[in-house]
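Visitor: Okay, structure incoming, though there's no sequence with it:
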Ligand SMILES: [Zn+2]
Ligand SMILES: [Zn+2]
(Lines give C-alpha, C1' and ligand atoms only; values in the text may rest on other atoms or scores of the structure.)
(Ligands and ions follow the chains in the order given, each with its own letter.)
Protein backbone atom coordinates (compact mmCIF):
# COMPACT_ATOMS: atom_id res chain seq x y z
CA UNK A 1 0.00 0.00 0.00
CA UNK A 2 2.87 2.35 0.85
CA UNK A 3 4.38 1.70 -2.56
CA UNK A 4 1.11 2.45 -4.28
CA UNK A 5 0.73 5.65 -2.29
CA UNK A 6 4.28 6.70 -3.15
CA UNK A 7 3.73 5.91 -6.85
CA UNK A 8 0.57 8.00 -6.86
CA UNK A 9 2.25 10.96 -5.23
CA UNK A 10 5.52 10.59 -7.12
CA UNK A 11 5.06 8.71 -10.40
CA UNK A 12 8.23 6.75 -11.21
CA UNK A 13 10.34 7.98 -14.11
CA UNK A 14 10.02 6.30 -17.50
CA UNK A 15 12.90 3.86 -18.11
CA UNK A 16 13.22 5.20 -21.64
CA UNK A 17 13.11 8.99 -21.32
CA UNK A 18 12.85 9.95 -17.63
CA UNK A 19 9.48 11.65 -18.10
CA UNK A 20 6.81 10.49 -15.64
CA UNK A 21 5.74 6.93 -16.44
CA UNK A 22 2.13 6.39 -17.55
CA UNK A 23 2.10 2.63 -17.13
CA UNK A 24 3.39 2.02 -13.64
CA UNK A 25 3.63 -1.76 -13.94
CA UNK A 26 6.31 -1.41 -16.61
CA UNK A 27 7.59 2.10 -15.74
CA UNK A 28 7.19 3.47 -19.24
CA UNK A 29 5.55 6.55 -20.70
CA UNK A 30 3.07 6.02 -23.53
CA UNK A 31 5.53 6.97 -26.27
CA UNK A 32 8.29 4.65 -25.04
CA UNK A 33 5.79 1.80 -24.52
CA UNK A 34 4.70 2.13 -28.17
CA UNK A 35 8.30 2.01 -29.39
CA UNK A 36 9.42 -1.25 -27.81
CA UNK A 37 11.25 -3.60 -30.20
CA UNK A 38 8.61 -6.12 -31.33
CA UNK A 39 9.31 -9.76 -32.07
CA UNK A 40 8.90 -11.00 -35.64
CA UNK A 41 7.35 -14.41 -36.34
CA UNK A 42 9.44 -16.71 -34.13
CA UNK A 43 10.07 -20.40 -33.61
CA UNK A 44 7.76 -21.45 -30.76
CA UNK A 45 10.44 -23.78 -29.39
CA UNK A 46 13.62 -21.67 -29.24
CA UNK A 47 12.14 -18.21 -29.82
CA UNK A 48 14.52 -17.29 -32.65
CA UNK A 49 13.22 -15.38 -35.68
CA UNK A 50 12.00 -17.55 -38.54
CA UNK A 51 13.43 -16.82 -42.01
CA UNK A 52 11.38 -14.18 -43.87
CA UNK A 53 10.05 -16.72 -46.41
CA UNK A 54 8.34 -18.66 -43.60
CA UNK A 55 4.88 -17.25 -42.94
CA UNK A 56 3.38 -19.69 -40.44
CA UNK A 57 4.37 -20.42 -36.86
CA UNK A 58 6.54 -23.54 -36.92
CA UNK A 59 9.68 -24.98 -35.38
CA UNK A 60 12.83 -23.57 -37.00
CA UNK A 61 15.32 -25.71 -38.90
CA UNK A 62 17.64 -25.94 -35.86
CA UNK A 63 14.87 -27.19 -33.58
CA UNK A 64 13.68 -29.67 -36.20
CA UNK A 65 17.21 -31.03 -36.43
CA UNK A 66 17.89 -31.08 -32.70
CA UNK A 67 15.14 -30.42 -30.18
CA UNK A 68 16.23 -28.55 -27.06
CA UNK A 69 15.30 -29.95 -23.63
CA UNK A 70 12.83 -27.10 -23.06
CA UNK A 71 9.47 -27.30 -24.81
CA UNK A 72 8.89 -23.64 -25.63
CA UNK A 73 10.30 -20.15 -25.31
CA UNK A 74 8.34 -17.06 -24.38
CA UNK A 75 10.17 -13.77 -24.83
CA UNK A 76 8.65 -10.38 -24.07
CA UNK A 77 10.72 -8.44 -26.59
CA UNK A 78 13.55 -8.57 -29.08
CA UNK A 79 17.01 -7.94 -27.63
CA UNK A 80 17.47 -4.59 -29.34
CA UNK A 81 17.60 -0.90 -28.35
CA UNK A 82 16.45 0.33 -25.91
CA UNK A 83 15.72 -2.97 -24.13
CA UNK A 84 19.35 -4.16 -24.39
CA UNK A 85 20.42 -1.01 -22.55
CA UNK A 86 17.84 -1.50 -19.78
CA UNK A 87 18.97 -5.08 -19.28
CA UNK A 88 22.62 -3.97 -19.34
CA UNK A 89 21.83 -1.35 -16.69
CA UNK A 90 20.30 -4.04 -14.50
CA UNK A 91 23.01 -6.63 -15.04
CA UNK A 92 26.23 -4.65 -15.35
CA UNK A 93 25.44 -1.38 -13.61
CA UNK A 94 23.41 -2.78 -10.74
CA UNK A 95 20.29 -0.73 -11.53
CA UNK A 96 17.99 -3.06 -9.63
CA UNK A 97 15.03 -0.69 -10.10
CA UNK A 98 14.91 -1.95 -13.71
CA UNK A 99 13.99 -5.45 -12.57
CA UNK A 100 10.36 -4.71 -11.66
CA UNK A 101 9.41 -3.07 -14.98
CA UNK A 102 11.23 -5.74 -17.02
CA UNK A 103 9.43 -8.43 -15.02
CA UNK A 104 6.19 -6.55 -15.74
CA UNK A 105 6.85 -6.80 -19.48
CA UNK A 106 7.56 -10.52 -19.16
CA UNK A 107 4.41 -11.02 -17.06
CA UNK A 108 2.34 -9.60 -19.94
CA UNK A 109 4.06 -11.84 -22.47
CA UNK A 110 3.30 -15.02 -20.50
CA UNK A 111 -0.23 -14.01 -19.47
CA UNK A 112 -1.91 -16.27 -22.04
CA UNK A 113 0.42 -19.22 -21.39
CA UNK A 114 -0.44 -22.30 -19.36
CA UNK A 115 0.76 -21.64 -15.82
CA UNK A 116 3.82 -23.65 -14.77
CA UNK A 117 4.00 -25.17 -11.29
CA UNK A 118 7.23 -23.45 -10.38
CA UNK A 119 9.59 -20.69 -11.54
CA UNK A 120 13.34 -21.20 -11.36
CA UNK A 121 15.73 -18.33 -12.10
CA UNK A 122 18.76 -19.38 -14.15
CA UNK A 123 21.47 -19.77 -11.52
CA UNK A 124 24.83 -18.00 -11.66
CA UNK A 125 28.00 -19.76 -10.58
CA UNK A 126 29.09 -18.78 -7.03
CA UNK A 127 32.15 -16.93 -8.38
CA UNK A 128 29.97 -14.80 -10.70
CA UNK A 129 27.44 -14.20 -7.95
CA UNK A 130 30.22 -12.98 -5.65
CA UNK A 131 31.67 -10.57 -8.20
CA UNK A 132 28.30 -9.22 -9.36
CA UNK A 133 26.69 -9.20 -5.95
CA UNK A 134 23.28 -10.34 -7.21
CA UNK A 135 21.70 -12.62 -9.78
CA UNK A 136 19.65 -10.61 -12.27
CA UNK A 137 17.48 -13.68 -12.98
CA UNK A 138 16.49 -13.80 -9.30
CA UNK A 139 15.80 -10.06 -9.31
CA UNK A 140 13.43 -10.62 -12.26
CA UNK A 141 11.82 -13.77 -10.89
CA UNK A 142 10.88 -12.25 -7.53
CA UNK A 143 8.45 -9.58 -8.87
CA UNK A 144 7.32 -11.88 -11.69
CA UNK A 145 6.31 -14.61 -9.23
CA UNK A 146 4.51 -12.05 -7.08
CA UNK A 147 2.61 -10.69 -10.08
CA UNK A 148 1.64 -14.14 -11.39
CA UNK A 149 1.10 -15.62 -7.93
CA UNK A 150 3.43 -18.52 -8.68
CA UNK A 151 5.94 -20.18 -6.38
CA UNK A 152 9.63 -19.83 -7.17
CA UNK A 153 12.82 -21.39 -5.83
CA UNK A 154 16.42 -20.45 -6.42
CA UNK A 155 17.86 -23.36 -4.45
CA UNK A 156 16.67 -26.26 -6.59
CA UNK A 157 19.17 -25.78 -9.40
CA UNK A 158 22.85 -24.99 -9.17
CA UNK A 159 25.53 -23.95 -11.60
CA UNK A 160 28.41 -26.33 -10.93
CA UNK A 161 31.15 -24.49 -12.78
CA UNK A 162 31.67 -21.11 -14.38
CA UNK A 163 31.09 -20.98 -18.11
CA UNK A 164 33.87 -19.62 -20.33
CA UNK A 165 32.86 -16.49 -22.30
CA UNK A 166 30.45 -17.65 -25.00
CA UNK A 167 30.85 -14.76 -27.40
CA UNK A 168 32.10 -15.75 -30.82
CA UNK A 169 31.47 -19.45 -30.17
CA UNK A 170 29.37 -21.59 -32.44
CA UNK A 171 26.19 -23.17 -31.10
CA UNK A 172 27.96 -26.55 -30.92
CA UNK A 173 30.88 -25.08 -28.96
CA UNK A 174 28.49 -23.34 -26.57
CA UNK A 175 26.61 -26.59 -25.99
CA UNK A 176 29.87 -28.43 -25.32
CA UNK A 177 31.01 -25.76 -22.82
CA UNK A 178 27.73 -26.03 -20.95
CA UNK A 179 27.39 -29.81 -20.87
CA UNK A 180 26.83 -30.86 -17.25
CA UNK A 181 27.15 -27.25 -16.05
CA UNK A 182 23.97 -27.44 -13.96
CA UNK A 183 22.54 -29.82 -11.38
CA UNK A 184 18.97 -29.88 -10.10
CA UNK A 185 17.29 -31.40 -7.06
CA UNK A 186 14.60 -34.02 -7.49
CA UNK A 187 12.05 -31.94 -5.57
CA UNK A 188 11.02 -30.73 -9.02
CA UNK A 189 10.05 -34.24 -10.16
CA UNK A 190 6.76 -34.26 -12.03
CA UNK A 191 6.51 -30.46 -12.23
CA UNK A 192 6.18 -28.09 -15.15
CA UNK A 193 9.04 -25.68 -14.48
CA UNK A 194 9.53 -22.31 -16.18
CA UNK A 195 13.12 -21.12 -16.12
CA UNK A 196 13.49 -17.34 -16.02
CA UNK A 197 16.34 -15.27 -17.44
CA UNK A 198 17.01 -11.80 -18.75
CA UNK A 199 18.24 -12.69 -22.25
CA UNK A 200 18.32 -15.78 -24.44
CA UNK A 201 21.10 -15.63 -27.03
CA UNK A 202 21.43 -19.10 -28.58
CA UNK A 203 19.39 -21.02 -26.03
CA UNK A 204 22.42 -23.13 -25.04
CA UNK A 205 22.24 -22.07 -21.36
CA UNK A 206 18.50 -22.70 -21.14
CA UNK A 207 19.01 -26.05 -22.87
CA UNK A 208 21.71 -27.15 -20.41
CA UNK A 209 19.62 -26.09 -17.41
CA UNK A 210 16.50 -27.75 -18.87
CA UNK A 211 18.49 -30.96 -19.37
CA UNK A 212 19.44 -31.02 -15.69
CA UNK A 213 15.84 -30.31 -14.67
CA UNK A 214 14.58 -33.12 -16.89
CA UNK A 215 17.23 -35.43 -15.47
CA UNK A 216 15.92 -34.59 -11.99
CA UNK A 217 12.43 -35.57 -13.16
CA UNK A 218 10.76 -32.35 -14.33
CA UNK A 219 7.74 -33.19 -16.47
CA UNK A 220 8.12 -30.17 -18.70
CA UNK A 221 10.34 -27.11 -18.98
CA UNK A 222 9.46 -23.73 -20.49
CA UNK A 223 11.93 -20.90 -21.01
CA UNK A 224 10.75 -17.39 -20.12
CA UNK A 225 13.04 -14.50 -21.00
CA UNK A 226 12.66 -10.75 -21.10
CA UNK A 227 14.45 -10.48 -24.42
CA UNK A 228 15.48 -12.80 -27.26
CA UNK A 229 18.55 -12.06 -29.37
CA UNK A 230 17.49 -12.75 -32.94
CA UNK A 231 19.46 -13.99 -35.93
CA UNK A 232 20.15 -11.21 -38.44
ZN1 LIG B 1 9.39 7.45 -22.00
ZN1 LIG C 1 13.79 -23.04 -32.95
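Guide: Looks like it arrived, so ask away. Keep in mind it's a predicted model, so treat the numbers as computed, not measured. Ligands and ions are numbered 1, 2, ... in the order given.
Visitor: Those residues of the chain touching ligand 2, which are they?
Guide: Residues of the chain lying near ligand 2 by CB under 5 Å from the ion: 43, 45, 46, 60, 63. In short, each C-beta sits where N, CA and C put it, glycine included.
Visitor: tally of neighbours for the first one?
Guide: Counted by other CB atoms under 10 Å, the residues lying close to residue 43 total 22.
Visitor: One more: residue 134?
Guide: 14.
Visitor: Let me see the domain layout of this structure.
Guide: The chain breaks down into these domains under automatic domain parsing: 1-35, 37-228.
Visitor: quick check, residue 73 in a strand?
Guide: Yes. Looking at residue 73 with DSSP: H, G, I helix; E, B strand; the rest coil, it is inside a strand.
Visitor: Wait, it touches residue 206, no?
Guide: Yes. With contact defined as CB atoms under 8 Å, residue 73 reaches residue 206; the gap is 7.5 Å.
Visitor: Give me the contacts around stretch 53-70.
Guide: By CB atoms under 8 Å, 6 or more residues apart in numbering, the list of residues contacting stretch 53-70 from outside reads 41-46, 48, 50, 171, 195, 203, 206-207, 210-211, 213-214, 221-223.
Visitor: Kindly report the same for stretch 208-220.
Guide: Residues from elsewhere that reach stretch 208-220 (CB under 8 Å, 6+ apart): 68-71, 116, 120, 122-123, 157, 175, 178-186, 188-193, 195, 221, 223.
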